[in-house]
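Engineer: next come a sequence and a model predicted from it.
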There are 2 protein chains.
Amino acid sequence: MRGKADSDLVRRQNRHIVLEALRLHGPMPRVELGRITGLSPASITTIANQLIDDKAMLEMDEAPDRSDPTRRGRPTVRVNLNPDAARIIAIKISIDGVELALVNFAGEIISRKNISIATYEMQPEIFGTGLAKIVREFFGENKLKSGDVAHIGIATQGVTNSQKGTIAWSPAFKARDIPVVAPIEKETGVTCSIANDANMIAEGVMAADRYSYTGTAAVVFMGYGVGMGLVIDGKVYHGSTGAAAEFGHMNHIPNGAFCRCSRAGCLEAYASDYGILRSAENRSDQLPPPSSAVDPAVMLALENSARAGDANATAAYAKAGRAIGFGLARMIALLNPDRIVLAGPGTRALDLIEPALRAAIEEGVVEALRSQVKIETAPIYTDMIITGTIAATLRHLDSTIFSSGPMISQTTPTENSS
Amino acid sequence: MRGKADSDLVRRQNRHIVLEALRLHGPMPRVELGRITGLSPASITTIANQLIDDKAMLEMDEAPDRSDPTRRGRPTVRVNLNPDAARIIAIKISIDGVELALVNFAGEIISRKNISIATYEMQPEIFGTGLAKIVREFFGENKLKSGDVAHIGIATQGVTNSQKGTIAWSPAFKARDIPVVAPIEKETGVTCSIANDANMIAEGVMAADRYSYTGTAAVVFMGYGVGMGLVIDGKVYHGSTGAAAEFGHMNHIPNGAFCRCSRAGCLEAYASDYGILRSAENRSDQLPPPSSAVDPAVMLALENSARAGDANATAAYAKAGRAIGFGLARMIALLNPDRIVLAGPGTRALDLIEPALRAAIEEGVVEALRSQVKIETAPIYTDMIITGTIAATLRHLDSTIFSSGPMISQTTPTENSS
DNA sequence: ATAATTTAATTTGACGTCCAAAATAATGTT
DNA sequence: AACATTATTTTGGACGTCAAATTAAATTAT
């Protein structure tokens, strides 16, 4: 049960659902806001005026819609999120570099930048302060001051600790417990949070579907690694320290194949790009895998030779499918989800993986549990991580918007709007 | 995001937290209700009067507390849940019988009854209607009419389907998809719900701890079977169809030991009473296990011979610990919980199990994930399932109390209180 | 005994939210 | 130009909480 309720709670909650409606469905007239939120026209008027006063929303300055000639009556005036209400920065850290995006309150990307860094050998402090400098430069290039950015959201491969703001362990780094949030907050003065990239993919998949996910769903990422984002009760589940759901490093077979995490038997050691490749090439799975990512062209070639009938390649994909299948069977037994969504570049080879995957699920969990769950494939697009990070960060912003005063320092306190 | 908020939401939520405070902390004066809930004394007065009018609450008729002689001022008047506000029935179905408890709104057990039934060979329809008759008799013995009972909560071993109100699969039954809710609702006219017994144990463990569980916790049951109740975000997680968290039938080793669910490699096949016994006696684990429960005395003897140094027994317990450990490692990777609570009669042999269990967790999941989680043991008491079912059912009642009129048919509509 | 003190609980008046209904605005139709 | 239609705003009332003042019921001091 939550805490006590009062008119302040009512105010915040209703303003929040109005913003949420605009974020999910885009610009719309006040009447429709009323329909979607269930609030009366009178309340919508009040709330809209306040949000417009607060610069969080604005009336769109557009000619009345005359597309439907049968339409009568006073024309609607659409309202929308004010793009200039706030700006956020989304950052993606991966093994080969860093990607930054400056996004306005309406979700439009204003500016983005890619920087290549060989992260693997870096010292923890060097990386943190280095990234902070990159962010500061990004501020400079976009003429941003500290107050101009409301929040910075970061996604990274590996195990994150959202409380400490660190990367606890990641295949992109030899080092552990790398502080990320603190140096950036110190350098920029902007609050910052970090999350696992698979969780951000789940956010992206949900956002693409307008958050229609109601119950429990598991979004599986297949590619250079194997990850999972769990949607529980319509929200992405982060776990107690932000480390959920490490599907890739969930054990598959005790004493099994050697994994990048220097542990034996992880699911990823069978089902990630390097695991599949290693198995197809009949290399020993008891040796540490390479620290660099597999060239996508190599994986493409492997798929094709499997489809051409290469027995080793076919077997490797079947092995991967069986590993993922047993992992999903275990997850299903534990969580009884209603949806499983497969995503990531690895789904390109789904035809090679799926038979073994489905067989393993059947073998691994009682019919009563697995018969409910629907398995789908999400469209692959490269930017899922950044998109998801943006969605999550903006949603975070929406919910904190009313706790404090104005969101963004208006250009100059003394300046009046002309 | 939840729906729109209005004064009705405020009303319901605040009345709910007042009831919740009384349920968790017992009778207390109005001032303290204010302190706990954060509501002002003025509001507490209003709310208390309404709840008293609604017969949900009452002032306790007791002499002022004079235990503290230094105490001055107007004495407090304690209020409490009105025991007669409503009654519920909690039912536990297990392999050897059925247990019923009639409980009042204050959580006091008014009457209870045990009935032995050989469930295993029963036909699904026979069991459902038979149970319904037992419940009807229980009504009769306690002079209950349909309107006198607000809800019936049922806990059972095995996989439940809370939507259909059935036992999808259970070791207590040869049959599958046994309808339980429908026949009872039909026979009694009282709403009824069904849940897994391990989830109810989790409810019981939480209730014993006054629902201090905030984040994610996993309560493991060890005994005739192996079960788990997951507490996510302070609430017991039931999954999309009420079948979570089937820890016992989460696969441990593909193609492994034969399980009661006629599947190979389930965790339970290694770590339940029958699994441990089978392994200690060096019987083949490729044959179906017995359908009846293991005599507790046999398990006690096995523990003692293990403690006396019997190599087979010791190895069996170590094997069980390794299975549970790997299961927990997988669960930790997936859910990043902050607490694991071991409960059930199986914990009596924890000294024999724990070393292998902890070693398996270390072997099975990266340090960054497991270092956070605390492993505890819950006190064992036999009634955990019934206690938990009562707690869950009353809590359910609390939250539905304001959606409809009076909760319970007052003895006779025409009768006035004297 | 009576007044002062202390703590609990209630009453009173104000404030903030939402909403229904009435009024107003802005267009199309006749 | 009057009427119809749809969107939005205005008005007045309802319902919840809260702060402050008041009342209630005890103990302590005089």
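Structural biologist: Arrived safely, thanks for sending.
Engineer: which residues does residue A:45 contact?
Structural biologist: The contact partners of residue A:45, taken as CB atoms under 8 Å, 6 or more residues apart in numbering or on different chains, are residue A:30. C-betas here are computed from N, CA, C, even on glycine.
Engineer: so it belongs to a helix, correct?
Structural biologist: Yes: looking at residue A:45 with DSSP: H, G, I helix; E, B strand; the rest coil, it is inside a helix.
Engineer: tell me the spacing between it and residue B:157.
Structural biologist: Distance, residue A:45 to residue B:157, using CB to CB, to the nearest Å: 56 Å.
Engineer: same question, residue A:175
Structural biologist: Counting by CB to CB, the gap from residue A:175 to residue B:157 is 48 Å.
Engineer: comparing the two, which residue is more hemmed in?
Structural biologist: Remark: of residue A:175 and residue B:157, residue B:157 carries more neighbours, 24 against 17, as counted by other CB atoms under 10 Å in any protein chain shown.
Engineer: so who does that one touch?
Structural biologist: B:93, B:94, B:95, B:170, B:171, B:172, B:196, B:197, B:225, B:227.
Engineer: what pLDDT does it get?
Structural biologist: At residue B:157, the model reports a pLDDT of 91.
Engineer: same check, this time on residue A:170
Structural biologist: Looking at residue A:170, its pLDDT reads 91.
Engineer: since we're on it, how many residues are nearby?
Structural biologist: For residue A:170, the count of nearby residues is 26 (other CB under 10 Å).
Engineer: of all the residues in the stretch 1-150 of chain A, which one is nearest DNA strand D?
Structural biologist: Residue of the stretch 1-150 of chain A nearest DNA strand D, by CB to the nearest atom of the strand: residue A:73 (2.0 Å).
Engineer: confirm for me that residue A:269 is in contact with residue A:255.
Structural biologist: No: the criterion here is CB atoms under 8 Å, and residue A:269 misses it with residue A:255 at 11.6 Å.
Engineer: those two: who's more crowded?
Structural biologist: Ranked by neighbour count (other CB under 10 Å), residue A:269 and residue A:255 place residue A:269 first, with 28 against 9.
Engineer: average model confidence for the helix or strand that contains that one?
Structural biologist: Taking DSSP states H and E as the definition, one finds residue A:269 inside helix A:268-271. Mean pLDDT, helix A:268-271: 97.
Engineer: re the thing from before, which among the contacts of residue B:157 end up buried?
Structural biologist: Buried members of the contacts of residue B:157, counted by 16 or more other CB atoms under 10 Å in any protein chain shown: B:93, B:94, B:95, B:170, B:171, B:172, B:196, B:197, B:225, B:227.
Engineer: could you dump the residues you listed to CSV with distance to residue A:389 and secondary structure?
Structural biologist: Formatted as CSV, the buried ones among the contacts of residue B:157 follow (distance: CB to CB, whole Å; DSSP: H, G, I helix; E, B strand; the rest coil):
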residue, distance to residue A:389, secondary structure
B:93, 47, strand
B:94, 48, strand
B:95, 50, coil
B:170, 44, coil
B:171, 45, coil
B:172, 48, coil
B:196, 37, strand
B:197, 41, helix
B:225, 42, coil
B:227, 37, strand
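Engineer: nearest to DNA strand D among the residues you listed?
Structural biologist: Nearest to DNA strand D among the buried ones among the contacts of residue B:157 is residue B:196, at 35.7 Å by CB to the nearest atom of the strand.
Engineer: what sits opposite that closest one in the beta ladder?
Structural biologist: residue B:156 (DSSP bridges).
Engineer: and residue A:36, how many residues sit next to it?
Structural biologist: What residue A:36 shows, counting by other CB under 10 Å, is a neighbour count of 16.
Engineer: isn't it right up against residue A:25?
Structural biologist: Yes: counting by CB under 8 Å, residue A:25 is a contact partner of residue A:36 at 6.9 Å.
Engineer: low-scoring stretches of chain A, by residue?
Structural biologist: The model of chain A has pLDDT under 70 over residues A:1, A:402-418.
Engineer: close to DNA strand C: what parts of it are there?
Structural biologist: Within chain A, the positions lying close to DNA strand C (CB under 7 Å from any atom of the strand) are A:7-8, A:10-11, A:14, A:38-43, A:46-47, A:64, A:66, A:69-75.
Engineer: narrow these to those in helices?
Structural biologist: A:7, A:8, A:10, A:11, A:14, A:41, A:42, A:43, A:46, A:47 (DSSP state H).
Engineer: chain B: which of the residues you listed is nearest?
Structural biologist: Taking CB to the nearest CB as the measure, chain B sits nearest to residue A:10 out of those, at 4.2 Å.
Engineer: so which helix or strand takes in the nearest residue to residue A:41 once chain neighbours are set aside?
Structural biologist: Here the nearest residue to residue A:41 in space, its sequence neighbours aside, is residue A:34; by CB to CB, 6 or more residues apart in numbering or on different chains that works out to 5.2 Å. Following DSSP H and E, the helix or strand that holds residue A:34 is helix A:30-37.
Engineer: now for that helix, which elements pack on it?
Structural biologist: helix A:7-25, helix A:41-53 (3 or more CB pairs under 8 Å, 6 or more residues apart in numbering or on different chains; DSSP states H and E).
Engineer: one step back: check which helices and strands the helix holding residue A:269 is in contact with.
Structural biologist: Using 3+ CB pairs under 8 Å, 6+ apart: helix A:268-271 touches helix A:273-280, helix A:311-335.
Engineer: nearest to residue B:124, of these?
Structural biologist: For residue B:124, the closest of the helices and strands packed on helix A:268-271 is helix A:311-335, at 23.4 Å, according to CB to CB.
Engineer: and the angle for the closest one with helix B:311-335?
Structural biologist: Helix A:311-335 and helix B:311-335 meet at an angle of 90 degrees, taking axes from the mean of the first three to the mean of the last three CA atoms, to 10 degrees as the criterion.
Engineer: buried stuff in helix A:311-335?
Structural biologist: For helix A:311-335, by 16+ other CB under 10 Å, it's A:313-314, A:316-335.
Engineer: tell me the angle of it relative to helix A:273-280?
Structural biologist: 130 degrees.
Engineer: is helix A:311-335 anywhere near chain B?
Structural biologist: Yes: residues of helix A:311-335 contacting chain B under CB under 8 Å from any CB of the partner chain: A:322, A:326, A:329, A:330, A:331, A:333, A:334, A:335.
Engineer: between the residues you listed, which is closest to residue A:393?
Structural biologist: Checking those against residue A:393 by CB to CB gives residue A:335 as the nearest, at 26.3 Å.
Engineer: on the three-state scheme, residue A:341 is what?
Structural biologist: strand.
Engineer: DNA strand C versus that one, what's the distance?
Structural biologist: Separation of residue A:341 from DNA strand C (CB to the nearest atom of the strand, to the nearest Å): 35 Å.
Engineer: perfect, that will be all.
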